[in-house]
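Enquirer: could you work out the structure for the sequence below:
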Amino acid sequence: MQITWWREGGQEEGCLRGVMGCYTLLHYTGVKRKDHGVNEESWEAARLIPVSGLGGQQEKERRAASALLAVIGSVKEFGQAIVRALGAPAGNVSAFCEVPFELDDGRRVRVDGVLRVTRGKRVWTLLVEVKTGSAELGQEQVVAYLDVVRDQGFDGLLTISNEIVGVAGHHPVKPSPRRLARVPLFHLSWTKILSQALMVREHQGVSDPDQAWILGELIRYLQYEGSGALSFDDMGRDWTAVRNAVREDTLRRSDAGVGETVARWDQLVQFLCLGLSARLGEVVSPVLSRKERSDPAVRVDALSWELVRAGTFSSSIRIPNAVGPISIKANLRRMIAQASVELDAPELGRSTARLNWLLRQLKNAPEDLRIDVTFHHTRATASELLGKVTENPKGILAEADHAPRSFILTLAGDVGGKRSAGHGGFITDVSALLDKFYREVVHHLTEWTPPAPHLAPSLEDHAREAPAPKTVQELPANPEPTQSP
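Expert: The predicted model follows:
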């Protein structure tokens with residue numbers, strides 16, 4: 001709702017925007033206005049979701065839950081994107097806050113919110129529990145809410161917190177399998193919600209201008225440091241001890257903190273995927289095996305042994321339409337990180353032609369990009385930096401008599417050892433390396449596409465191209481007699 005008014009002669013004009021029952025004065029201009037010496041630059045703009053006045057943990061949770069649920073119910077595109085991923089049908093979304101329930105055994109429970117989707121006679125209902133800041137989900141509280149879902153016949157429980165699960169579809173809290181037998185349990189991190197909001201606003205679009213403004217207010221609120229919706233910014237309390245043990249080669253699989261530290265690495269990879277998803281408008285996801293997707297403990301165990309034996313973390317992420325998965329490896333002994341991608345060499349006749357095809361795509365790539373070449377019918381490989389390959393393309397091919405089979409491109413960089421994000425932080429440096437590698441290398445790469453087959457001329461084409469026989473008029477008037485031998 002928007003109301004505009006003016007006075008005859010253009011002396012005054014104004015605009016009032018009404019949203020969700022609240023009215024905010026956006027601007028007012030008057031030709032005749034006295035100067036009272038007030039510094040208007042210090043005035044704080046009125047906001048749909050104010051950041052001022054935020055008190056303790058409970059106040060932050062109530063405001064974050066109310067703001068999120070209201071926007072899910074008000075902005076159609078955002079609401080559908082959230083509930084559809086949780087199994088809801090397409091329909092009208094409504095949201096409620098601070099809803100009390102009484103269980104069959106007499107317990108009274110108050111949940112942070114309820115989401116409801118209606119389509120015809122079908123009603124889909126989901127309970128919502130919200131945590132902000134460093135608060136973690138509690139086992140007892142989650143179990144009580146699952147009991148409400150079961151008693152009421154609802155469709156599931158959604159928890160929201162700053163905890164990022166390393167494997168999508170799993171939950172930070174592990175209730176007994178008996179309680180989860182018929183009660184779906186979902187989890188979203190605030191980083192995931194912010195990423196989804198940015199994807200809808202920047203890439204999918206919101207059809208209604210007022211709804212787009214409302215979604216922008218939620219994004220602004222979640223990005224405010226005091227809201228309690230934090231990004232991933234800490235490698236955990238055991239980071240320093242584990243990092244030092246790796247350097248000293250004293251780390252053992254049974255040491256305290258190994259499992260927590262490798263779980264933080266997986267959370268960092270998820271965080272990087274969410275950030276890329278928001279900026280690219282595509283779903284970026286980690287590459288996991290079937291066993292790792294079904295059981296996060298398998299992933300944690302594999303990462304733990306890699307860290308103990310090699311002192312490294314490694315993961316891969318998949319970006320839609322990229323030439324291949326991007327591999328990320330961090331070496332804690334040398335404190336360097338690498339990002340790499342592999343692509344097949346084109347099926348061209350000469351080896352130099354295959355290499356030149358790659359170099360044409362790396363015109364703007366960093367000169368310290370490493371190129372590793374594998375060859376057909378041999379285990380021999382070659383490796384050189386892009387700067388030197390550009391100066392002497394044949395040098396990297398000199399040691400092998402076979403044609404290149406594939407190219408592996410790797411960009412390396414130093415990483416800091418601090419556990420927290422910021423200057424000199426491990427999280428910040430790994431994120432910056434991945435951004436640079438995608439922006440300057442992967443984004444410009446395309447797979448080789450064989451040219452369309454050449455169509456050979458038909459008999460009719462040959463006949464049309466053959467010279468026509470000369471007519472009588474074209475013959476010479478006095479042809480020279482031919483001499484018989």
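
Enquirer: quick check: next helix or strand after the lengthiest helix in the chain?
Expert: Ranked by residue count, the top helix of the chain under DSSP state H comes out as helix 258-280. With elements assigned by DSSP states H and E, the helix or strand that comes after helix 258-280 is strand 285-286.

Enquirer: for the following helix or strand past that next one, list every residue counted as buried.
Expert: Sequence order places helix 290-294 as the next helix or strand after strand 285-286, per DSSP H and E. Buried positions in helix 290-294, judged by neighbour count with 16 or more other Cβ atoms under 10 Å: Glu292. C-betas here are computed from N, CA, C, even on glycine.

Enquirer: pLDDT averaged over the helix or strand that comes right after helix 290-294 - what is it?
Expert: Using DSSP H and E, the next helix or strand after helix 290-294 towards the C-terminus is helix 296-310. For helix 296-310, mean pLDDT is 91.

Enquirer: what's in contact with the very next helix or strand once past helix 296-310?
Expert: Sequence-wise, the next helix or strand downstream of helix 296-310 (DSSP H and E) is strand 312-318. Residues outside strand 312-318 that contact it (Cβ atoms under 8 Å, 6 or more residues apart in numbering): 262, 265-266, 269, 272-273, 276, 284-287, 303, 306-307, 325-333.

Enquirer: just the buried ones from these?
Expert: Applying 16+ other Cβ under 10 Å to the contacts of strand 312-318 flags 262, 265-266, 269, 272-273, 276, 284-286, 303, 307, 325-332 as buried.

Enquirer: and the angle for the longest helix of the chain with strand 312-318?
Expert: Angle, helix 258-280 to strand 312-318, by axes from the mean of the first three to the mean of the last three Cα atoms, to 10 degrees: 30 degrees.

Enquirer: what's helix 258-280 packed up against?
Expert: Counting contacts by 3 or more Cβ pairs under 8 Å, 6 or more residues apart in numbering; DSSP states H and E, helix 258-280 packs against helix 190-199, helix 239-248, strand 285-286, helix 296-310, strand 312-318, strand 326-331, helix 426-440.

Enquirer: now do it against helix 426-440, angle only.
Expert: Using the same axes, to 10 degrees: helix 258-280 against helix 426-440 is 40 degrees.

Enquirer: let's see helix 258-280 as PDB, backbone CA atoms only.
Expert: What follows is helix 258-280, C-alpha atoms only, in PDB (Å, rounded to 0.1, in the frame of the first residue of the first chain):
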ATOM      1  CA  VAL A 258      40.100 -34.100  16.100                       C
ATOM      2  CA  GLY A 259      36.500 -35.000  15.400                       C
ATOM      3  CA  GLU A 260      35.300 -31.500  16.300                       C
ATOM      4  CA  THR A 261      37.900 -29.800  14.100                       C
ATOM      5  CA  VAL A 262      37.200 -31.900  11.000                       C
ATOM      6  CA  ALA A 263      33.500 -31.300  11.500                       C
ATOM      7  CA  ARG A 264      34.300 -27.600  11.400                       C
ATOM      8  CA  TRP A 265      36.100 -28.000   8.100                       C
ATOM      9  CA  ASP A 266      33.000 -29.700   6.700                       C
ATOM     10  CA  GLN A 267      30.900 -26.800   8.000                       C
ATOM     11  CA  LEU A 268      33.300 -24.300   6.400                       C
ATOM     12  CA  VAL A 269      32.800 -26.100   3.000                       C
ATOM     13  CA  GLN A 270      29.000 -25.900   3.400                       C
ATOM     14  CA  PHE A 271      29.400 -22.200   4.300                       C
ATOM     15  CA  LEU A 272      31.500 -21.600   1.100                       C
ATOM     16  CA  CYS A 273      28.800 -23.400  -0.900                       C
ATOM     17  CA  LEU A 274      26.000 -21.200   0.500                       C
ATOM     18  CA  GLY A 275      28.000 -18.000  -0.200                       C
ATOM     19  CA  LEU A 276      28.600 -19.000  -3.800                       C
ATOM     20  CA  SER A 277      24.900 -20.100  -4.200                       C
ATOM     21  CA  ALA A 278      23.700 -16.600  -3.100                       C
ATOM     22  CA  ARG A 279      26.100 -14.800  -5.500                       C
ATOM     23  CA  LEU A 280      25.700 -17.100  -8.500                       C
END
